[in-house]
Structure formats: C-alpha cells, structure tokens
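[1] Give me a model of this one.
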Amino acid sequence: MRPHTSTARLASTIRNARLRRWLQLPALAAVVIWGAAFPIVKFALAEFPVLAYAALRPVIAVAVLFGLLWVRGEPLGIERGDWRRLLAAGYGGMALFQLCFILGLGYTSASHSALLLCTSPLLGAVALWLTRKEPVSLRSLAGLLLGLTGVALVVVQADPSGTASLTGDLLTLLAALGWVGVTVLPGSLVARYGPVKVTAWLLLAGATVLVAIGWREMLVAVRQPPSLLAWLSLLYSAVVAMVLANVLWQRAVRALGSTQTLVFFYLQPVIAILLAAVVLGERLNPLQLTGGAITLLGVGLVQRHRRSEAR
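    Numbering: from 1, shown residues only. You can find the predicted model right below:
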C-alpha cells in the first residue's frame, strides 16, 4: 500500500471520528426535544389550567421514572445521611423550577422563556462565587455583565407578538434560579446513585408541592377536560421532554464528556425560537435577538472559565 494512500485513509478516519463526535444524535435529539417543548407547552396552556399542568407533569414523569427503576431491578432506597441534601434540592430547587417555569411560560412567550432559562449557568456562577466555592475572574465577570445586558435587552423591549410580559419573564428567571439548586445541590448524590434515581426522587419532592398547590385546578381539568392536543402536549412534556431527553442527554455526556456536550445546549433557544415563530407566530425584534445572542455569549464566557478552572 502506498504511503500517501495510508495517510489519506488515516486523515479520512480522523475526520469521520470528529464528525461523529460533533454530530452526536443523542445530544442533538435531546436539544431538539427540549427546544420543541417550549411552544408545545405554551400551546397547551391556552386550554389547560396552569397549576394543573404544572402539577401533572412531574406526577406522570415520576411514575415513568420509578417504573423504569423497577424494570431495571434497581433499589430505590437512599441512605439516611443523604436525605437532607436530596430534600433541599427537591423542595428548594425542583419544585421552584417546575412551578415558575410553567407559570412563567403562561405569562410570557416561548421565545423569552427559552432565552431566559439559559441564564441558569450565570446565576449558578454567582451562587458559587458568593459561597466562595469557585474563584471570581475578570473573564467570568465580563461574562456575567454581558449576560445581564442581554437579559435586559430581551426583557425591557416590547414583545412584537404581544405574548410576553415582565411578570412572566421574572418568573422564568426564578425558574432558572431553581434549576441552579437542582444542578448544584445533588451533585454528589448523582455520582453515588445515578441520574435516574436522583431525578425520580427530586421530581417526587417537587410533585408533592405542586399537587398541594394545584389540586383544585387538577379537578377542574378532569371535570372540564381540555382538548386531545392539550393532553398530548402534557404527555410530551412529561414523558418525552422530562424523561427521554434527560436519558439521551446523560448518554451523550458519557460519550462526549460534559464540556463537549454543553455546546449542544446552546442550540435549545434557537430551536425554540424558530418553532415558536412557525407554530405560535411569535416574533422577536432585532434588539431582542441581539440581547439573546449577548446572553448566550455571556453564558459561554462563564462556562468556559469554569471548565478551564476544573482542569
């Protein structure tokens, strides 16, 4: 075999390996599912009582997750010393996220929701700085200022589609803060028990809060049922977005590592905005689009610093 032929084949093999690395179907599928969830949920909230929708999502997801653990034959127990951290993440993180995400989406546009939820890494960085668990750098501060500037441009500007509001945007930012608790608090538990079991218990804790708040609206949804499409939206958001997409994401993380997989996450608001424009007729003005891009740039700077510090 000629040397140049071997070299060409080796180069082709390397290119194909890199292409497979970046075109990871599990990561792309998860991001597409999550991006599509914003307009799909927004569509259903026009018919569904908001608190009923918020409560039923985790209830359905919990049933699926614990059923999956039972089929696998995995033990469901958690050691006594880990319950305090698990409950703090469940009640202080997951319940806040689930409630404010649905309430916020009820008052704002799917596009705003998708963009503002991407600020959770910024809020997480601030929380870690305040608790002195991570150092502050000029790059991180620049990323934070850029992110906040982008958020201000998205929130302050009038929404051309008329479906967004300051109340909904602020609730969505609270949801992003709740996601910080879901991400930071149970970190050691995920390593010990696995993501499926920890997620199941976190959602169960969140479901108890949401059912206690929304049981009256759940009864309304049963007595005056929404359309079939609204119920299908609920099943999509609970089973496909909350369960399947998370399984796919964890598989991608194992294959690529968290650093490479995180790049795909920034496609989520892009997909959500495009689908919201097609399905719901939502529009962002040029200044809001600029604000969204600035927000993602700020998040990227903060995340890049945190990854370099972890090496």
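[2] Just the element for Ala272, please.
    Element membership for Ala272 (DSSP states H and E) is helix 268-279.
[3] Rounded mean pLDDT for that helix, please.
    Averaged over helix 268-279, pLDDT sits at 81.
[4] Output the contacting helices and strands for that helix.
    Helix 268-279 sits against helix 25-44, helix 110-117, helix 286-310, with contacts defined as 3 or more CB pairs under 8 Å, 6 or more residues apart in numbering; DSSP states H and E. C-beta here means a position set from N, CA and C on the backbone, and glycine is covered the same way.
[5] Which positions in it come out as buried?
    Within helix 268-279, the residues that count as buried by 16 or more other CB atoms under 10 Å are Gln268, Pro269, Val270, Ile271, Ala272, Ile273, Leu275, Ala276, Ala277.
[6] what sits against the fourth one?
    Contacts here follow CB atoms under 8 Å, 6 or more residues apart in numbering; on that basis Ile271 touches Val31, Val32, Trp34, Gly35, Ala36.
[7] as a whole number, average confidence for stretch 182-193?
    Stretch 182-193 comes out at a mean pLDDT of 79.
[8] Any buried residues in it, and which?
    Val182, Thr183, Leu185, Pro186, Leu189, Val190, Tyr193.
[9] Looking at the protein, which helix is longest?
    If you go by DSSP state H, the chain has its longest helix at helix 195-223.
[10] Ala200 versus Leu65, what's the distance?
    4 Å (CB to CB, to the nearest Å).
[11] just Cys118 next, same as before
    In this view, Cys118 and Ala200 are 25 Å apart by CB to CB.
[12] what does Pro186 give?
    12 Å.
[13] Same question for Val126.
    Val126 is 29 Å from Ala200, by CB to CB.
[14] which one of the two has more residues nearby?
    Just comparing Val126 and Ala200: by other CB atoms under 10 Å the higher neighbour count belongs to Ala200, 23 against 17.
[15] Mind pulling up the pLDDT for the more buried one?
    90.
[16] ok, and the closest non-adjacent residue to Val243?
    Leaving aside its sequence neighbours, Val243 sits nearest to Val64 (CB to CB, 6 or more residues apart in numbering; 5.1 Å).
[17] Give me the number of neighbouring residues for that neighbour.
    The burial count for Val64: 16, using other CB under 10 Å.
[18] in what helix or strand does it lie?
    helix 50-72.
[19] tell me the angle that helix makes with helix 195-223.
    Helix 50-72 and helix 195-223 are oriented at 140 degrees to each other (axes from the mean of the first three to the mean of the last three CA atoms, to 10 degrees).
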